[in-house]
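Novice: predicted model and sequence below, questions to follow.
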Amino acid sequence: AQSVTQLDSQVPVFEEAPVELRCNYSSSVSVYLFWYVQYPNQGLQLLLKYLSGSTLVKGINGFEAEFNKSQTSFHLRKPSVHISDTAEYFCAVSDQGDSGNTPLVFGKGTRLSVIA
Amino acid sequence: ETGVTQTPRHLVMGMTNKKSLKCEQHLGHNAMYWYKQSAKKPLELMFVYSLEERVENNSVPSRFSPECPNSSHLFLHLHTLQPEDSALYLCASRLGTGLYNEQFFGPGTRLTVL
């Protein structure tokens, strides 16, 4: 069975500093990988996704993530954070054999707090 | 605006009540999902409706009952809930064809069971 581990439940960081949110997954098959962001009182919004091709994926709001198959990781990074990046971030995985019924498996989330 | 709306946004109910959560999407999607989001836990997929087929997580109690009358509307009927069912209930939809298409989430219904 698939699982996703987000190693940090909370990450405080000063404004304009770089940040990395870690995600590791376990799966016996090839996967699709995702990062979602949840702002207060809102649903989840897709930041970026890895389906195939280049292992470095760029998303919205200046975020990027790198797929590392050997380490089964998909860490999210941003070189300079803003106060508005304060939110909960979720990593998710899905089998590449996906159909509409194949579920996304989510991690527990990492709360990013940007400090002025 | 994600295109997925949920009502009500907040709901407080007693354990003997019956209520329903509503989700609506006008994105032309053909798959809809209910998730439960509890503090300090991963999102839990409860139900999937895809191309009129229903798939459910067998660990979801029968006091939760989904209904999908058409591809744009999804309901979650609640009856005799327990306090541990208090959580944020998220609806999502996607276009379930071809290479993976992202799920679009609604803002959620915050449910409190007293």
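Specialist: Now that the structure is in, tell me what you want to look at.
Novice: so who does the nearest residue to B:Pro83 once chain neighbours are set aside touch?
Specialist: Spatial nearest neighbour of B:Pro83, excluding adjacent residues (Cβ to Cβ, 6 or more residues apart in numbering or on different chains): B:Val113 at 5.1 Å. In this view, the C-beta of every residue, glycine as well, is placed from N, C-alpha and C. B:Val113 makes contacts with B:13-15, B:81-86, as judged by Cβ atoms under 8 Å, 6 or more residues apart in numbering or on different chains.
Novice: is any residue of whichever strand or helix holds B:Met32 near chain A?
Specialist: In the assignment (DSSP states H and E), B:Met32 maps to strand B:31-37. Yes. Strand B:31-37 is in contact with chain A by Cβ under 8 Å from any Cβ of the partner chain, via B:Ala31.
Novice: which other helices and strands contact the helix or strand just after that strand?
Specialist: As assigned by DSSP H and E, the chain's next helix or strand after strand B:31-37 is strand B:44-50. For strand B:44-50, the packing partners by 3 or more Cβ pairs under 8 Å, 6 or more residues apart in numbering or on different chains; DSSP states H and E come out as strand B:31-37, strand B:53-56, strand B:64-70, strand B:73-79.
Novice: so which residue is smack in the middle of the chain?
Specialist: Just so you know, I chose chain A. Central residue of chain A (Cα atoms, centre = their mean): A:Trp35, 3.1 Å from the mean position.
Novice: oops, I was thinking of chain B
Specialist: Centre-nearest of chain B using Cα atoms, centre = their mean is B:Trp34, 2.7 Å out.
Novice: what's the least confident stretch among the helices and strands packed on strand B:44-50?
Specialist: For the helices and strands packed on strand B:44-50, mean pLDDT drops lowest on strand B:53-56, to a mean of 78.
Novice: direction included, what does that one pair against?
Specialist: Here strand B:53-56 is paired, per DSSP bridges, with strand B:44-50 (antiparallel).
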